[in-house]
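Student: quick one, fold the following:
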Amino acid sequence: MGVEGSTMARTLRHIPNLMYYPLPPIEDMPWREKWLMEIKPVLDAMDLERVLGEGALVYLKLLIVMVLYSCSYRDAVKMVNVNVVVAWFVGRKVGKSTLHDFVGRLYGVRKKLLEISFKLEEKCLPSYLPASAHLVDFMAWLVDSFLLDLPPGKRSVETFREKAELERREGNLERARKLLSLGRTKRRFEGRWTKKRGVSHYGLKAVAVISVSLFVRSITVKPANFSDKRFKSPLKGIKITDRGFSPSPTQLIAREKPFTTLRVHVEFFGTYLNAFWRPYGTTTWRNDVFLHVLGVIYNIKMFLAIQRRTPPGRRAVQL
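Tutor: Predicted coordinates for the structure are as follows:
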């Protein structure tokens, strides 16, 4: 074996219940695999098992795989067997049913999980935070809402019932009766209809509260027709919002600088959310869990971006 054998040994990773897998160089990996390689050291150092329970971190890692690869429970479990980087990231095999059950347990601690990932901001040196962090000298939060589209069920009983109600209000009783007879199936996904800029949407709404350093602190999931004016943030400090929210002594509508400049930074999370959002479950609470998982990934990625700007000797983690 000689030198060649010792070199190969250094590139192998031992995965419990799996074979030995050689990992390719990170520069040759696709972007999703690179992400997994980057976030694993941070994820392992966050002491999440204190909240999740012993041995439960592996399930959270599989949910992260589901989000990054936009795949199902079954596909995420199978990827551990066929993708060398996913196998290294997750660490061991997990059954599909066990993973599905874990989402139910995660619902109760989802906010605590997001809070722990938010604390990564404290490990960043102030000088290397995003420019938005230096625009105000008081505690401020950026607030915005984002629509999350779900399949409306074009032939569902509920869809035709809603259309019939609109016809009834307009006095078209015969048309309303006909529509009520057309429904074939029950709607799968929990959601509501709303209109934004003249376009109809069916689904949910996520209201995100983000620090001026662009870390997500809170995610609230509501039906799509929930009015922004009804949102009440549990966090202390000034909230900077757009005109859709209610103005108050602690909630400022961004109409002039620096607030207009600051407010647009919330779109960093909005763009990220739109890129990875898909219907992860038929119920609102299950989609709520995955949105918080997505928030955890976002906070870790934001933390790593700041660490790259920090001189190597002053970083919280070595990249």
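Student: any weak-confidence spans in the stretch 151-300 of the chain?
Tutor: For the stretch 151-300 of the chain, not a single residue meets the criterion pLDDT under 70.
Student: how does it look with 80?
Tutor: When the per-residue scores of the stretch 151-300 of the chain are filtered using pLDDT under 80, the ranges that remain are 153-155, 183-185, 234, 249, 252, 254-264.
Student: how about the helices in it?
Tutor: Under the criterion DSSP state H, counting those that start in this stretch, helices of the stretch 151-300 of the chain are mapped to 157-169, 173-180, 259-263, 267-276, 284-309.
Student: same for the third one, what does it pack against?
Tutor: In terms of contact count using 3 or more C-beta pairs under 8 Å, 6 or more residues apart in numbering; DSSP states H and E, helix 259-263 is assigned the packing partners strand 140-149, strand 238-241. Every residue, glycine included, has its C-beta placed from N, CA and C.
Student: how many other residues sit next to the closest residue to G153 other than its chain neighbours?
Tutor: Closest residue to G153 apart from its sequence neighbours, by C-beta to C-beta, 6 or more residues apart in numbering: R187 at 3.9 Å. Here the count is done by other C-beta atoms under 10 Å, and R187 has 21 residues near it.
Student: so what's R187 up against?
Tutor: Contacts here follow C-beta atoms under 8 Å, 6 or more residues apart in numbering; on that basis R187 touches P152, G153, S156, V157, E158, T159.
Student: most widely separated two among those residues?
Tutor: Taking C-beta to C-beta as the measure, the contacts of R187 reach their widest spread between P152 and V157, a distance of 12.3 Å.
Student: the more surrounded of those two?
Tutor: When neighbours are counted by other C-beta under 10 Å, P152 and V157 differ, and P152 comes out ahead with 18 against 15.
Student: quick one, what contacts the residue nearest to A133 when sequence neighbours are not counted?
Tutor: Of all residues not flanking A133 in the chain, S213 sits nearest, at 4.4 Å (C-beta to C-beta, 6+ apart). Contact analysis of S213 by C-beta under 8 Å, 6+ apart lists E121, C124, L129, P130, S132, A133, M302.
Student: ranking those by neighbours, who comes first?
Tutor: Using other C-beta under 10 Å as the neighbour criterion, M302 leads these with 26 neighbours.
Student: shouldn't that one be in contact with L214?
Tutor: Yes - the pair M302 / L214 is scored as a contact, 5.8 Å apart, by C-beta atoms under 8 Å.
Student: closest to L60 among the contacts of S213?
Tutor: Nearest to L60 out of these is M302 (C-beta to C-beta; 18.2 Å).
Student: picking up where we left off before, from the helices of the stretch 151-300 of the chain, which stretch is densest packed?
Tutor: Most buried of these, by mean neighbour count (mean count of other C-beta atoms under 10 Å): helix 284-309, with a mean of 21.
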